[in-house]
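Asker: give me a model of this one.
(one chain, ligands or ions: 2)
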Amino acid sequence: MGLQRVAIPWTEKYRPRRVSEVVGNGEAVQAFLEWVRSWSSGRPAKKAALLHGPPGTGKTSLVIAFAEENGYDLVQLNASDRRSAEDIKNLLGQAVRAASVFGRRRIVLIDEVDGLSTVADAGGVRAIASLIDRTEVPIVLVANDPWDPSLQELRSRCEMIGFRRLRAKEVLSRLEEICRREGVSVDREVLESIAERSKGDMRAAINDLQLVATSGSDPRRVLESIPNRVIELNAFELLGRIFGAHRFSEGRGTLANTDLDVDTVFTWVLDNLDQQIRDPQALHEAYKVLADADLHLRRATRLQRWELMKYGTILLSAGPGVIKATVAEKGGRFEFPARIRFMQQTKDVRTLADSILTKVTRRLHMSRAKAAVHFLPYLRLMLKAGDRGIARHFRLTEEEIGYLVSRAPELRVQPAEVRESVEERARPQAKARRAGTASGRSTGRSRA
Ligand SMILES: Nc1ncnc2c1ncn2[C@@H]1O[C@H](COP(=O)(O)OP(=O)(O)OP(=O)(O)O)[C@@H](O)[C@H]1O
Ligand SMILES: [Mg+2]
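Answerer: Ligands and ions are numbered 1, 2, ... in the order given. Predicted structure coming up:
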């Protein structure tokens, strides 16, 4: 049982170091190479390239491998981590200036650009667009789904380079290569089946391979035990399935095809609903179905009655499409939900709030929802009044005390309130308030 082996993910260990190690998508790779080389023979037509396509196909890897192999410095930024226009300017403003005569050449890589596609991030999109306008070095953007209308400003400035899911044969060849280098032997049949079930996602395939090769038990058993990845849909693909399912039977199984948790899918569907279904009556119906789905999902977790889960997931995955079919509308592009973005931005704060609630409720024997509403405000007052005893009693850290003293606890954990926020969206005027509302389900799984 190679424990040390498990420690380094093979996806990292075998990340391509040279462009020739990036398998598949030959045309895209060629297009990228031509574009990046055109920089040395004067001004290219487009100063940025946007690599787009499904996960695990080598978009990020291609850029990294090219830079490593050709001695470029790579300045890398993940757009979904740091979003504000200011951040982008601060971090990259300097990087896009040409290197000195003796300096190394440089590439700027901005990954996960589709994380920027809401109104709230218009500033981020604009900042990148203006970087592209004045850059003196190649800028590469990467996205799974670059088609959101808000990314138009970027698309028009970029050489668009599309990646496709890899063929099973291509995945297989890389798996064999990894086995060879790792010095492990895995049956060809098993490798084929890993390649097949990866559905063109190399990252998924390599992860499966590592699991199989290091588990020490029968590879076929191990493979069987991994839930079948029918096709690992990303959120955009998943929404396409959900809103495109015109019959109940088409929609109901969709959620089996993703690693996203139900809460996340719910948020995506909810936030995209009013763009996908415009007819007011149909939209009303759709919100009602989602409210019902929410009710079942919440009861399932709250009462630990997991058999209720399936009612929730079925309503969520089959309801919107069936309703949409009744009005025969086309629907706009899918958008990245404002709430998920908010959750990413406030992760640190929520972690703190979460650990405070855990400590407090352990002693008080009350639900997290109750503690958040009825106890935390008093705790804050006591702490503000300098009561350190109470802090010791609950074993709060300095950081947690600081959080409580400095800001109002932003915890909303009551299921009732969550439901209201869903139903509120069913009312027409709610739409205007939509952008920026990031409450409601925002506590995710930590509810009472
Ligand atoms: N075409 C490929 N050739 C070889 N290895 C690959 C390829 N695509 C992916 N991999 C492997 O999968 C890992 C993840 O790939 P990468 O980060 O390039 O995917 P991506 O297309 O950028 O996906 P995402 O859209 O999720 O960011 C890499 O570290 C590498 O091990
Ligand atoms: Mg990537």
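Asker: got a pLDDT number for residue 82?
Answerer: Confidence per residue is given as pLDDT, and for residue 82 that number is 51.
Asker: residue numbers of the stretch 101-250 of the chain in contact with ligand 1?
Answerer: Residues of the stretch 101-250 of the chain lying close to ligand 1 (CB under 6 Å from any ligand atom) are 144, 174, 202-203, 206. C-betas here are computed from N, CA, C, even on glycine.
Asker: what packs against the helix ranked longest in the chain?
Answerer: For the chain, the longest helix by residue count, based on DSSP state H, is helix 280-302. If you count contacts as 3 or more CB pairs under 8 Å, 6 or more residues apart in numbering; DSSP states H and E, helix 280-302 packs onto helix 262-276, helix 309-327, helix 415-424.
Asker: residues of that helix that come out buried?
Answerer: Buried residues in helix 280-302, counted by 16 or more other CB atoms under 10 Å: 282-283, 285-301.
Asker: show the average pLDDT along it.
Answerer: When pLDDT is averaged along helix 280-302, the result is 92.
Asker: distance from the chain centre to it, please.
Answerer: Helix 280-302 has its average C-alpha position 23 Å from the chain's average C-alpha position, going by CA atoms, centre = their mean, to the nearest Å.
Asker: do the same with stretch 200-212
Answerer: Stretch 200-212 has its C-alpha centroid displaced from the chain centroid by 19 Å (CA atoms, centre = their mean).
Asker: which residues touch that stretch?
Answerer: The set of residues external to stretch 200-212 that reach it, using CB atoms under 8 Å, 6 or more residues apart in numbering, is 5-6, 9-11, 14, 23, 54-58, 164-168, 171, 174-175, 178-179, 186, 190-191, 194-195, 197-198, 219, 222-223, 226, 229, 232.
Asker: same thing but 6 Å
Answerer: 10-11, 55-56, 165-166, 171, 175, 194-195, 198, 219, 222, 232 (CB atoms under 6 Å, 6 or more residues apart in numbering).
Asker: CA atoms only: put stretch 165-174 into CSV for me.
Answerer: Output of stretch 165-174 as CSV, limited to C-alpha atoms (Å, rounded to 0.1, in the frame of the first residue of the first chain):
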residue,chain,number,x,y,z
ARG,A,165,-13.2,16.4,-24.5
LEU,A,166,-10.3,14.0,-25.1
ARG,A,167,-10.9,10.7,-27.0
ALA,A,168,-10.7,7.5,-25.0
LYS,A,169,-7.7,6.5,-27.1
GLU,A,170,-5.8,9.7,-26.2
VAL,A,171,-6.6,9.3,-22.5
LEU,A,172,-5.4,5.7,-22.7
SER,A,173,-2.1,6.6,-24.2
ARG,A,174,-1.3,9.0,-21.3
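Asker: so where's the stretch 151-300 of the chain uncertain?
Answerer: Screening the stretch 151-300 of the chain residue by residue with the criterion pLDDT under 70, one finds the ranges 225-233.
Asker: now the helices for it?
Answerer: Assigned by DSSP state H, counting those that start in this stretch, the stretch 151-300 of the chain shows helices spanning 152-155, 168-182, 188-197, 202-214, 219-225, 235-244, 248-251, 262-276, 280-302.
Asker: and among those, the most buried is which?
Answerer: Of all the helices of the stretch 151-300 of the chain, helix 202-214 has the most neighbours on average by mean count of other CB atoms under 10 Å, namely a mean of 22.
Asker: tell me the angle of that one relative to helix 188-197?
Answerer: In terms of direction (axes from the mean of the first three to the mean of the last three CA atoms, to 10 degrees), helix 202-214 departs from helix 188-197 by 150 degrees.
Asker: so what does the strand or helix carrying residue 88 touch, helix or strand wise?
Answerer: Assignment of secondary structure by DSSP states H and E places residue 88 within helix 85-92. In terms of contact count using 3 or more CB pairs under 6 Å, 6 or more residues apart in numbering; DSSP states H and E, helix 85-92 is assigned the packing partners helix 122-134.
Asker: now residue 261: how far from ligand 1?
Answerer: Using CB to the nearest ligand atom, to the nearest Å, one gets 17 Å for the distance from residue 261 to ligand 1.
Asker: that residue: neighbouring residues, count only.
Answerer: Look at residue 261: counted by other CB atoms under 10 Å, it has 11 neighbours.
Asker: now distance to residue 376 too, for the helices of the stretch 151-300 of the chain, in a markdown table please.
Answerer: Listed next are the helices of the stretch 151-300 of the chain as a markdown table, based on distance: least, CB to CB, whole Å:
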| stretch | distance to residue 376 |
| --- | --- |
| helix 152-155 | 42 |
| helix 168-182 | 50 |
| helix 188-197 | 47 |
| helix 202-214 | 40 |
| helix 219-225 | 42 |
| helix 235-244 | 33 |
| helix 248-251 | 41 |
| helix 262-276 | 23 |
| helix 280-302 | 20 |
